[in-house]
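J.: Prediction below, plus the sequence it came from.
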Amino acid sequence: MKKILFPVDLKFKIGTLANDFTATDGTGSTVAYVRQKMFKLKEDIEVFSDDSRTRLVYKIKADKWLDWSAAYSFTDAMGNRLGKIARKGWASIWKAQYEIIDQHDQLQYHVREENGWVKVIDGMVGEIPVLGFFTGYLFNPSYILTDTKDNPIARLKKEPSFWGRKFTIIQLGDIDEDDDDRIMLGLMMMILLERRRG
């Protein structure tokens, strides 16, 4: 991806069979178009330079079949490994927890849901007829990305929207130039998974 100017907005498309979204930076320029292939036993995500889908820049693939503790590897268009994001299985039952790992299999970042109650309340209220349609405006989880010393680096937050289709990433700390793509790919994959959970 080109140099990223925060905040980055992620906006999911509605009315398509694919689970896809566009990422735009603080200037409104498209930095990525993310498309998840549907009906796959293993997650298969393509990241394009823009919504024309003419230039593939990254791929994200699961290492296991439909598994709630799978890891998702990032590669560039040439197949070079860039790292991966892994869900911390049992630890994610209450609050989502992930780890971003570099291409040398070294832990670099943690991603944690900030308030587990938001998802619980969203799930309960979402079952109430009529009122359930408006939970996208009322309950909006956020996720904090920290380094291995627990310094905050970025926050991903769901924005109020009818279909729960808008998210924003804001920068909280310094991001190493070698890590910005890995961080963005990790957060993009994570939001595909978390959006499905509610």
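T.: On my side now, so go ahead.

J.: and the longest helix belonging to the chain, which residues are buried?
T.: Scanning the chain for the longest helix, with DSSP state H as the assignment, gives helix 180-197. By neighbour count with 16 or more other Cβ atoms under 10 Å, helix 180-197 contains the buried residues 180-195. To be clear about C-beta, it is placed using only N, CA and C from the backbone, and glycine gets the same treatment.

J.: Pick out whichever of the residues you listed sits closest to residue 169.
T.: residue 187 (6.0 Å; Cβ to Cβ).

J.: what are the bridge partners for the closest residue to residue 58 other than its chain neighbours, then?
T.: Distances taken as Cβ to Cβ, 6 or more residues apart in numbering put residue 47 closest to residue 58, at 3.9 Å, once the chain neighbours are dropped. According to DSSP bridges, the residues that bridge with residue 47 are residue 34, residue 58.

J.: Roughly how far does residue 47 sit from residue 143?
T.: 19 Å (Cβ to Cβ, to the nearest Å).

J.: With residue 114 instead?
T.: Distance from residue 114 to residue 143, by Cβ to Cβ: 7 Å.

J.: anything in contact with each of those two?
T.: residue 155 (Cβ atoms under 8 Å, 6 or more residues apart in numbering).

J.: These two - which one has more neighbours?
T.: residue 143 (23 against 14; other Cβ atoms under 10 Å).

J.: I'd assumed residue 115 was in contact with the more buried one.
T.: No. With contact defined as Cβ atoms under 8 Å, residue 143 does not count as touching residue 115 (10.0 Å).

J.: Which SSE is immediately downstream of the helix or strand of the chain with the lowest mean pLDDT?
T.: When the helices and strands of the chain are compared on mean pLDDT, DSSP states H and E, helix 135-138 comes out lowest with a mean of 57. Next along the chain after helix 135-138, taking DSSP states H and E as the criterion, comes strand 142-147.

J.: same for that following strand, what does it pack against?
T.: Strand 142-147 is packed against strand 107-113, strand 152-158, helix 180-197, with contacts defined by 3 or more Cβ pairs under 8 Å, 6 or more residues apart in numbering; DSSP states H and E.

J.: ok, now with 6 Å
T.: strand 107-113, strand 152-158 (3 or more Cβ pairs under 6 Å, 6 or more residues apart in numbering; DSSP states H and E).

J.: Can you add mean pLDDT, distance to residue 12 and mean neighbour count and give the ones you listed back as JSON lines?
T.: Shown next, in JSON lines, are those (pLDDT from 0 to 100; distance: least, Cβ to Cβ, whole Å; neighbours: other Cβ atoms under 10 Å):
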{"stretch": "strand 107-113", "mean pLDDT": "95", "distance to residue 12": "19", "mean neighbour count": "19"}
{"stretch": "strand 152-158", "mean pLDDT": "95", "distance to residue 12": "11", "mean neighbour count": "19"}
